[in-house]
Every structure is written in structure tokens, then in C-alpha cells.
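Colleague: kindly return the folded structure for what I paste below:
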Amino acid sequence: MRFVQFCIDGKQCIGLENGNGGGIVNLSAADASFPTDMRSFIEGGEAVWKKAENYKSATPICRDHVQLLAPITSCDKVLCVGMNYKDHCEEQNAPVPVQPVIFNKFPSCIMGPADKMDYPAETKCLDWEVELTIVIGKEGRNIKEADAMSHVFGYTIANDLSARDWQLEPGRNGGQWLIGKAMHQFCPLGPAIVTPGELGDPHKLGLRCRVNGVVKQDSNTDQLVHKTEQILAFISRFMCLKPGDLILTGTPPGVGCFRKPPEYMKTGDVVEVEVDGIGTVTTTIV
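Modeller: Below is the predicted model:
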């Protein structure tokens, strides 16, 4: 199934999307027992998720009549995995990490899959990063790799927008990545959350990024160093994963900061991040 969050007639709802770019079944209107936000829906557990299957054949709304929102907001955590593509490590002549490199954004960074972004005044080095993103479905600590997929609700797409000056320049914020990764609007997300059964193998998906129609990143999730099972097992050793938590799994090569010469986004640019089987997030810089 493909789950979306949207606004219609001034009301927020959740729905089922009939294929990438297809019509949307309004679950919130079809059954008053369904919540109007995705986090609450996920927290409802498997019984609620299965109930949504009963509406897969219901008459959809034309998507032109709705405003598509980020598929989840107000989650507890937005975690990120750095240096997690073999080809991305090669791009920067860096060793492949033995353990996942974890940092974070904030839920307030999330923006919708077609929202415009205000160019942040605090950076001159705004960079793109297409990322497959895990959406946690079930709470867990010390999760075993063999059990990890039972904790996954689905997958979506994020653009891990980065201010490279604040992330990488010596002397900036004591070498910490947080400011460079967690500025306002630095997590465009969407367009849908696709369940594992619908998506298939999440570790064999093409993913790419285009800036003004020019392909900048083009790789496959088979290049992931640490896959879903290893990521969940590692993170849950240190913190409790909760329903609705997001984990951005890393980006492939082609980011702006490692191009020769470096390339960064500017006002007027349109950046598209795409993962096969999920869709595209389009962000216009204004």
C-alpha cells in the first residue's frame, strides 16, 4: 500500500494512493475511526493498517483536488546515516565505515514533497542528497537484525539538504554536523510511504537527483554499506525507536561539494530526488 497525508477543503487527512501519482482514497473521510495524521495511524498498529486494506478499491479523489503534504510530520525522531554508500565513500576517498555513522535532523525540518524552500541566509553552500528513508512502524530497543523488518512500516524519500560550509569547514560549530544538517526546511519528504510488501526489495532500487533537469546523482540502493536490518539493530542499541520515526539511510555519489569544481544550489533552482517504486520529491528554491 501507498500511504499519503494531504489537505482537502482546509482539513488534513490521510489516504491511500492508487499508484505513484494516482488518485487518493480519503481514509479519514471513509471511516471516522481512522485518524487524520499519519503518526497516529502508524501508532495504531497492524490491526489499523490492515483495516485500511478494506478501502483499497474505494472511489479515489483526483489528486488535483488535494494538496499533498509530507507523508508524516511531528515524528519523535529524524535520524540520518552518513557515509553509507560504497560509491559515495569512493567519491571522497574515504574509508567505508565499519559501523553506521549517525546524526540527526529535527521533525521541524520536514517540508512537503512539492513545497518551495526559502534559501537560507546563513549559508552559501546549499547541497542536495537523495536518500531512501525508513519509516518505523513498531517500537523497539535492542532489535535483532533477524527481527528488524517487522519494525518497518514502510519507506519514503528525503532530500537531506546540507549547508556544507557549516557542516565541513574547519572551525565551524566545533566540527559538529548539526547546524549544517538541521536548518529550517532541510528535510523535504515524500511523496508517499510505501509498505515493504508493495515496494519489494528496498536494497535494489534505483535512486537519482536532478537539478534543473540535469542528473547529478544516479545510483542504486544495492550500494548501501549498512542496510535496513543493520541500521535498526545498531541504532536501537542506544535509543528506543518509536512508531513514525524516520531514518534517512545515506546518499550516493554526485553531491555538489565533491564535484570539481564544487556546485551548490541557488535561488530559482529546482531539485528533484527520486527513488524507484516510491516517486519524486520536487523542491524549488526561492
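
Colleague: where in the stretch 1-150 of the chain is pLDDT low?
Modeller: Residues of the stretch 1-150 of the chain meeting the criterion pLDDT under 70: none.

Colleague: contacting residues for the residue with the shortest distance to the centre of the chain?
Modeller: The chain has residue 158 as the residue nearest its centroid, 3.0 Å off, counting by C-alpha atoms, centre = their mean. Neighbouring residues of residue 158 by C-beta atoms under 8 Å, 6 or more residues apart in numbering: 131, 133, 187-189, 246, 248, 273, 281. (C-beta placed from N, C-alpha, C; glycine too.)

Colleague: the residues you listed in strands, which ones?
Modeller: Judged by DSSP state E, strands contain the following of the contacts of residue 158: 131, 133, 187-189, 246, 248, 273, 281.

Colleague: between these, which sits nearest residue 202?
Modeller: Comparing these against residue 202 with C-beta to C-beta places residue 133 closest, at 10.2 Å.

Colleague: the closest one against residue 155, yeah?
Modeller: Yes - under the criterion of C-beta atoms under 8 Å, residue 133 makes contact with residue 155 at 6.4 Å.

Colleague: neighbours around residue 121, how many?
Modeller: 7 (other C-beta atoms under 10 Å).

Colleague: residue 98 too?
Modeller: Residue 98 has 8 neighbours, counted by other C-beta under 10 Å.

Colleague: pLDDT score assigned to the residue nearest to the centre of the chain?
Modeller: Per-residue pLDDT puts residue 158 at 99.

Colleague: reformat the contacts of residue 158 as TSV; add distance to residue 203 and neighbour count.
Modeller: Listed next are those as TSV, based on distance: C-beta to C-beta, whole Å; neighbours: other C-beta atoms under 10 Å:
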residue	distance to residue 203	neighbour count
131	14	27
133	14	26
187	22	27
188	23	25
189	20	30
246	18	25
248	15	28
273	18	31
281	20	27
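
Colleague: what's the most distant pair in those?
Modeller: Applying C-beta to C-beta across these, the maximum distance is between 246 and 273, 14.6 Å.

Colleague: show me where the protein has its helices.
Modeller: 27-30, 38-43, 46-52, 86-91, 164-168, 178-181, 196-199, 228-235 (DSSP state H).

Colleague: per-domain residue ranges of this protein.
Modeller: Here the domain parsing of the chain from automatic domain parsing is 2-68, 78-285.

Colleague: ranking these by burial, who's on top?
Modeller: Mean neighbour count (mean count of other C-beta atoms under 10 Å) peaks for domain 78-285 among these, with a mean of 19.

Colleague: measure that domain end to end?
Modeller: 22 Å (C-alpha to C-alpha, to the nearest Å).

Colleague: how about stretch 264-272?
Modeller: When the termini of stretch 264-272 are compared using C-alpha to C-alpha, they are 14 Å apart.

Colleague: just stretch 16-34 next, same as before
Modeller: 12 Å.

Colleague: hmm, who's touching it?
Modeller: 1-4, 6, 8, 11, 13-15, 35-36, 41, 48, 51-52, 55-56, 58-63, 66, 191-192, 277-279.

Colleague: same check, this time on stretch 102-114
Modeller: Here stretch 102-114 has contacts from 67-82, 117, 157, 160, 177-178, 181-191, 234-235, 248, 279-283, using C-beta under 8 Å, 6+ apart.

Colleague: just give me how far that stretch sits from the chain centre.
Modeller: Relative to the chain's own centre, stretch 102-114 is displaced by 8 Å; criterion: C-alpha atoms, centre = their mean, to the nearest Å.

Colleague: circling back to that earlier point, who does the residue nearest to the centre of the chain bridge with?
Modeller: Counting by DSSP bridges, residue 158 forms beta bridges with residue 131, residue 189.

Colleague: ok, it to residue 26 distance?
Modeller: Distance, residue 158 to residue 26, by C-beta to C-beta, to the nearest Å: 25 Å.

Colleague: pLDDT weak spots in the stretch 151-286 of the chain?
Modeller: For the stretch 151-286 of the chain, no stretch is flagged by pLDDT under 70.

Colleague: any chance you could map the strands in it?
Modeller: In the stretch 151-286 of the chain, the strands defined using DSSP state E, counting those that start in this stretch lie at 152-159, 162-163, 187-194, 206-211, 214-220, 246-248, 270-275, 279-285.

Colleague: surely residue 155 meets residue 200?
Modeller: No - with contact defined as C-beta under 8 Å, residue 155 does not count as touching residue 200 (10.3 Å).

Colleague: where do the strands sit along the stretch 1-150 of the chain?
Modeller: Ranges of strands in the stretch 1-150 of the chain, per DSSP E, counting those that start in this stretch, are 2-8, 11-17, 24-26, 67-68, 78-82, 101-105, 110-111, 116-117, 126-127, 130-136.
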